[in-house]
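Q: Generate a structure from the sequence data that follows.
(4 chains)
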Protein chains: 4
Amino acid sequence: MPEPLGRRRWAIAEGYIPTWSNGPEPEMLSQETACLLNTGERDAHVEITVFFPDREPGGPYRVTVPARRTRHQRFNDLREPKPIPHGTNFAISIVSDEPIVVQHTRLDSRQAENALLSTIAFSE
Amino acid sequence: MPEPLGRRRWAIAEGYIPTWSNGPEPEMLSQETACLLNTGERDAHVEITVFFPDREPGGPYRVTVPARRTRHQRFNDLREPKPIPHGTNFAISIVSDEPIVVQHTRLDSRQAENALLSTIAFSE
Amino acid sequence: MPEPLGRRRWAIAEGYIPTWSNGPEPEMLSQETACLLNTGERDAHVEITVFFPDREPGGPYRVTVPARRTRHQRFNDLREPKPIPHGTNFAISIVSDEPIVVQHTRLDSRQAENALLSTIAFSE
Amino acid sequence: MPEPLGRRRWAIAEGYIPTWSNGPEPEMLSQETACLLNTGERDAHVEITVFFPDREPGGPYRVTVPARRTRHQRFNDLREPKPIPHGTNFAISIVSDEPIVVQHTRLDSRQAENALLSTIAFSE
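A: Numbers count the residues shown, from 1 in each chain, chains lettered A, B, ... in the order given. Okay, the predicted model is just below:
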């Protein structure tokens, strides 16, 4: 592949981490995920900012997607500077220094690894 | 982030508010939602127009997405000039004076906060 | 709205009409739908072509989306020149003489009007 | 249709083949699928590369989408050079020598032919 696929600026407008889930963790924990794909030859350094309805944005959370790798990033696992609060609506922006592709997926806590929704995120 | 993410004209072609739902309101009410994200430094003033199969369009409904905030707008909560009728197909256009990102999500009335579908809306 | 929203050429790569469904028709019939939105001031004349894995394309099916209206077109209801066969994979292209927006939605036959999936179609 | 619809470079950032499923195979096998549509007059030769979180990419898997045909390609059926491992996250890139349209769909193993999610893939 001559050039890496993707873009550098992405957004997901819908996010929500429930305050509860069914079944044993972590398999059965409800899983809101941003799937990041880096097809290029350089590591992608990614900044995730979280937007809320009624308070200042949180983050940035910093993650790396290594060259020629994918990273399925659960929002639950974004810990620094502080975890995303559960039980509130949010949205996120994703800015990368290398082209990446972002897909938003939510898994069902009722049955491991079955997704309830998925959409390619907005990019520009 | 140097420039706000997004575009000013959006559309969702699929909409439907059921005439019934399971469980206590509002948590268990079926939730057709337009998630709006404004990453910019200026409030976004948004006009929503509702299109039907067999009558003149309704609205515009006016909502504001404050600077650096997200708004998860349930269609059920659009009241002025008058509520969207239940039990009929519709579609919507969304026009904003600032760049925004729009994601269409429907939540399941059978289990709070589990989404049945989600897609980034059409933009241009 | 100064100009109509949308594009003239669209595609949905995933289609399937089951050979059976649960519950009384038509409400409970599994519903594969193309939701078409015409925000403009002129009627949109739309040609739908159906592609299969192993035979020549079918159609074109011709439908009209009136000015300032939406049409939620079930694939099941495309009858002329002949119905789409059930129980086979297909894909569709949609060509319109006016700008439209297309969203692909499948409803669940197990519970009326709950969608299982939805995505804005591909356009160019 | 004067020109074929679509683009030549696509990506799906979310992939997962469960290690188990309910019901008899192949109908009830969980089905992660890339639906490929070729509306043109020439066969499309497609290369699929699979990216992982923690190892080198696999493939390329080579498939053909004949002219004026659709191919609903299950990831489970990609066998050469070797099958995609089950129970691990992955992502894929799709490069075609002719314009195609790609839609990502996952079917539910609990009920044949009901999809849990679908999204038009990312293209450029």
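Q: List the beta-bridge partners for the residue of chain A found nearest chain C.
A: For chain A and chain C, the shortest gap (CB to the nearest CB) falls at residue A:119, measuring 6.6 Å. Using the backbone N, CA and C atoms, a C-beta is placed for each residue, glycine as well. Legend: beta-bridge partners of residue A:119 under DSSP bridges are residue A:104.
Q: so how many other residues sit close to it?
A: For residue A:119, the count of nearby residues is 30 (other CB atoms under 10 Å in any protein chain shown).
Q: neighbouring contacts of stretch A:39-47?
A: If you take CB atoms under 8 Å, 6 or more residues apart in numbering or on different chains as the criterion, stretch A:39-47 is touched by A:1, A:3-6, A:36, A:38, A:59-68, A:94-101, D:11, D:49, D:51, D:93.
Q: can we see that at 6 Å?
A: Outside of stretch A:39-47, the residues within contact range by CB atoms under 6 Å, 6 or more residues apart in numbering or on different chains are A:4-5, A:38, A:60, A:62-67, A:95-98, A:100, D:93.
Q: where are the low-confidence patches of chain A?
A: Along chain A, the parts satisfying pLDDT under 70 run over A:1-2, A:19-30, A:108-115.
Q: Does residue A:54 belong to a helix, a strand or coil?
A: Look at residue A:54: counting by DSSP: H, G, I helix; E, B strand; the rest coil, its state is coil.
Q: what bridges to the closest residue in space to it that isn't next to it in sequence?
A: Using CB to CB, 6 or more residues apart in numbering or on different chains and skipping the chain neighbours, the partner closest in space to residue A:54 is residue B:69 (7.3 Å). In this entry, residue B:69 is beta-bridged to residue B:38, by DSSP bridges.
Q: What of residue A:46?
A: Beta-bridge partners for residue A:46, by DSSP bridges, are residue A:63, residue A:96.
Q: Next, count neighbours for it.
A: Applying other CB under 10 Å, we find 25 residues neighbouring residue A:46.
Q: Those residues of chain A touching chain D, which are they?
A: A:5, A:35, A:37, A:39, A:68, A:70, A:72, A:101, A:103, A:105, A:113-115, A:117-120 (CB under 6 Å from any CB of the partner chain).
Q: Swap in 7 Å and give it another go.
A: For chain A, the residues in contact with chain D (CB under 7 Å from any CB of the partner chain) are A:1, A:5-6, A:35-37, A:39, A:68-72, A:101-103, A:105, A:113-120.
Q: which residue is nearest the centroid of chain A?
A: With distances taken as CA atoms, centre = their mean, residue A:34 lies nearest the centre of chain A, 2.5 Å away.
Q: Against residue A:15, how distant is that residue?
A: With distances taken as CB to CB, to the nearest Å, residue A:34 is found 9 Å from residue A:15.
Q: again, but for residue A:42
A: 28 Å.
Q: Please apply the same query to residue A:74.
A: To residue A:15, residue A:74 is 12 Å away according to CB to CB.
Q: More neighbours: which of those two?
A: Comparing residue A:74 with residue A:15 by other CB under 10 Å, the one with more neighbours is residue A:15, at 25 against 16.
Q: Touching, the more buried one and residue A:88? I think so.
A: No: contact criterion CB atoms under 7 Å: residue A:15 and residue A:88 do not qualify, at 9.1 Å.
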